[in-house]
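Novice: below is the structure, and that's it, no one-letter string:
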């Protein structure tokens with residue numbers, strides 16, 4: 001049994017470049033599309049958002065267009081758990097009706113004003129037709145009940161008139177047209193004499209007079225002059241089908257359609273997310289911590305155990321420009337006893353994780369997949385990991401402040417404190433306003449004389465609530481990274497939107513640095529917070545952090561720092577062989593072949609790394625100019641795994657250097673068949689073929 005709701009972030013296919021959006025797309029002209037796609041654009045003309053149309057016209061093939069159209073309708077489906085899509089069916093019905101009833105001459109019905117509002121609003125709750133006379137042009141009055149949540153009036157009427165008794169009916173605008181346009185003798189009135197024109201219409205047709213000055217029936221504006229507010233009402237009515245529709249799925253589709261499998265691609269779901277940089281006081285390392293909360297859950301039921309379950313997969317990519325600096329994949333299984341299902345569905349889940357990062361400015365991309373529901377969502381943020389200098393770290397808001405063990409490291413944890421983070425940043429009156437911030441690069445002088453000021457201020461324009469707290473830094477134990485975690489009852493704050501600003505002050509009260517964040521205090525007594533899925537890392541395994549940093553230093557062009565981090569990691573745990581191939585590859589790329597040779601000997605007897613051992617030894621021998629010795633190493637590697645173009649290219653080079661020209665040609669051609677995008681292999685092949 002599958003319990004379907006809808007969930008978030010995913011990527012079924014994840015490559016090193018997967019989270020780097022493509023550089024740009026050319027638009028296809030609508031008339032260049034196949035007839036069925038031109039018709040779809042006509043059908044959706046009044047309900048499609050500009051960004052959605054822009055993305056659709058940038059798609060390069062019909063397969064992508066078909067998938068996009070599925071997503072478009074699915075995003076608007078009022079009952080996604082059922083096979084029917086009532087919204088799609090209704091729009092198609094209205095479109096056919098508009099074309100059937102309102103076409104005029106060569107003009108298709110959907111293009112007319114009456115056809116347009118038929119598609120946008122459907123059939124009116126009432127309709128009045130007024131035949132033309134010697135004083136009035138023919139008129140139709142369509143009345144509707146509107147949705148105030150979409151900025152519409154509760155009750156309004158649209159007037160369509162047929163000027164000159166010929167042609168199609170045009171929408172009447174009380175402001176730009178004015179009552180004179182409804183009167184055949186309208187030109188005889190002074191343009192500003194609205195009262196006289198209103199009186200004339202009232203004498204002829206009181207029902208029309210009630211809506212000739214305002215789309216709100218019976219509303220008589222000051223001095224009978226139609227208010228510009230009519231234009232606002234009308235704009236909101238026209239925009240109403242686009243309200244509460246997020247076009248983010250369209251942008252994500254364009255950027256990730258090559259990396260998310262088709263079965264997931266039509267199941268994009270919204271999520272809440274937050275990202276912070278939190279320094280670990282134990283190691284001194286900065287961590288990029290994130291939390292993602294899907295709006296819904298799709299679960300499978302396992303009857304023998306009476307359990308619901310799903311499996312989340314998180315794919316994380318950190319980019320500097322278009323270069324991928326770091327990436328990883330991690331799984332988060334979730335099992336829910338049947339008795340706890342309702343509570344979990346109400347609360348939802350928050351998937352949280354973090355990783356160390358070297359200083360710099362990055363784009364973080366997180367794809368979260370619920371493999372059970374085959375649904376995905378995306379979290380993207382710009383992140384700055386600070387380097388040296390005195391500054392305030394990211395303030396983190398939670399609904400409670402937990403005391404935790406300092407010998408482990410969890411997302412959002414700083415030493416022995418961890419705010420319980422809800423990505424929505426909304427607190428109930430029974431919650432705490434728990435905040436944590438850090439002073440980075442603190443000097444002894446500033447610690448002795450300085451202070452931190454926390455200012456919490458509401459957003460209400462008149463007399464907003466303010467709360468200020470001051471902390472003397474010397475009241476806390478001196479640390480180069482000073483962590484401050486405090487909490488106050490949320491009930492101390494009137495319901496409102498709040499800004500929290502942390503100022504770092506010197507002994508004279510001058511502001512040296514500041515950072516801010518925001519949160520919401522709900523009028524509700526209790527707010528449900530999601531169940532957190534997170535994994536802890538032991539501080540005893542810091543060597544893993546150093547391997548992560550080494551890779552990032554390498555990718556950001558800092559080989560000295562990369563080598564130092566690799567050495568720290570290796571020294572901390574010499575018996576851990578899993579990352580030795582990575583370190584050896586780095587040494588080969590930096591032309592330290594002797595050291596690479598010595599390092600790979602550590603994995604000689606590890607059968608799991610037999611291929612890496614042979615390949616890396618072969619590459620190191622090539623670097624040392626020992627081509628004859630490299631050949632058997634690379635041949636042995638090829639016996640273990642014969643589909644690696646990099647190894648084949650290296651073997652081709654070794655064959656060429658040892659005079660085995662035909663063998664070199666064969667393996668280079670095989671390598672390029674596997675991966676044509678190898679400039680060095682192409683150049684070597686061309687050089688050999690010339691001889």
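Specialist: That came in fine, so what should we check first? All figures in this text were calculated on a predicted structure; none of them were measured in a lab.
Novice: just checking, next helix/strand downstream of the helix or strand of the chain with the lowest mean pLDDT?
Specialist: The helix or strand of the chain with the poorest confidence is strand 2-3; it has a mean of 39 (mean pLDDT, DSSP states H and E). Per DSSP states H and E, the first helix or strand lying C-terminal to strand 2-3 is helix 35-43.
Novice: can you name the element that comes right after that next one?
Specialist: Scanning forward in sequence from helix 35-43 by DSSP H and E, the next helix or strand is helix 50-58.
Novice: name the helices or strands packed onto that following helix?
Specialist: Here helix 50-58 touches helix 62-75, helix 248-256, going by 3 or more C-beta pairs under 8 Å, 6 or more residues apart in numbering; DSSP states H and E. (C-beta placed from N, C-alpha, C; glycine too.)
Novice: any idea of the mean pLDDT in it?
Specialist: Average pLDDT, helix 50-58: 92.
Novice: circling back: and among the helices and strands packed on helix 50-58, the most buried is which?
Specialist: Most buried of these, by mean neighbour count (mean count of other C-beta atoms under 10 Å): helix 248-256, with a mean of 21.
Novice: re the thing from before, which stretch among the helices and strands packed on helix 50-58 comes nearest residue 560?
Specialist: Proximity to residue 560 (C-beta to C-beta) singles out helix 248-256 among the helices and strands packed on helix 50-58, at 34.8 Å.
Novice: now the phi/psi pair for residue 335, please.
Specialist: With angles defined as degrees, to the nearest 10, residue 335 sits at phi -120, psi 130.
Novice: I'd assumed residue 40 was in contact with residue 92.
Specialist: No - here residue 92 does not reach residue 40: they are 10.4 Å apart, not a contact under C-beta atoms under 8 Å.
Novice: more neighbours, those two?
Specialist: Counted by other C-beta atoms under 10 Å, residue 92 and residue 40 do not tie: residue 40 has more neighbours, with 19 against 14.
Novice: give the buried residues for the stretch of helix or strand residue 301 belongs to.
Specialist: Residue 301 is part of strand 299-302, with elements assigned from DSSP H and E. By 16 or more other C-beta atoms under 10 Å, the buried positions in strand 299-302 come out as residue 299.
Novice: can you check stretch 413-421 too?
Specialist: For stretch 413-421, a neighbour-count test (16+ other C-beta under 10 Å) marks 413, 414, 415, 417, 418, 419, 420, 421 as buried.
Novice: and for the chain, the residue most distant from the center?
Specialist: Most distant residue from the mean C-alpha position of the chain: residue 134, 60.4 Å away (C-alpha atoms, centre = their mean).
Novice: these two touch, right, that residue and residue 204?
Specialist: No - under the contact definition of C-beta under 8 Å, residue 134 does not touch residue 204, with a separation of 9.8 Å.
Novice: mean pLDDT lowest for which of the helices and strands packed on helix 50-58?
Specialist: Ranked by mean pLDDT, these bottom out at helix 248-256, which scores a mean of 79.
Novice: now that helix, how far from the centre of its chain.
Specialist: Its chain's average C-alpha position is 9 Å from that of helix 248-256, according to C-alpha atoms, centre = their mean, to the nearest Å.
Novice: tell me which other helices or strands that helix touches.
Specialist: Against helix 248-256 (3+ C-beta pairs under 8 Å, 6+ apart) you get helix 50-58, helix 62-75, strand 375-385.
Novice: if we can go back for a sec, could I get the helices and strands packed on helix 50-58 in JSON lines, plus columns for distance to residue 130?
Specialist: Putting the helices and strands packed on helix 50-58 into JSON lines (distance: least, C-beta to C-beta, whole Å) gives the following:
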{"stretch": "helix 62-75", "distance to residue 130": "38"}
{"stretch": "helix 248-256", "distance to residue 130": "43"}
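Novice: pLDDT weak spots in this protein?
Specialist: Applying pLDDT under 70 to the chain picks out residues 1-25, 258-263.
Novice: domain ranges for it?
Specialist: 1-17+265-385, 124-241, 388-535, 539-690 (automatic domain parsing).
Novice: now do the shortest one: distance to the chain's middle.
Specialist: Mean C-alpha position of domain 124-241 versus that of the full chain (C-alpha atoms, centre = their mean) differs by 43 Å.
Novice: between the helices and strands packed on helix 50-58, which one is closest to residue 521.
Specialist: Nearest of these to residue 521, taken as C-beta to C-beta: helix 248-256 at 26.9 Å.
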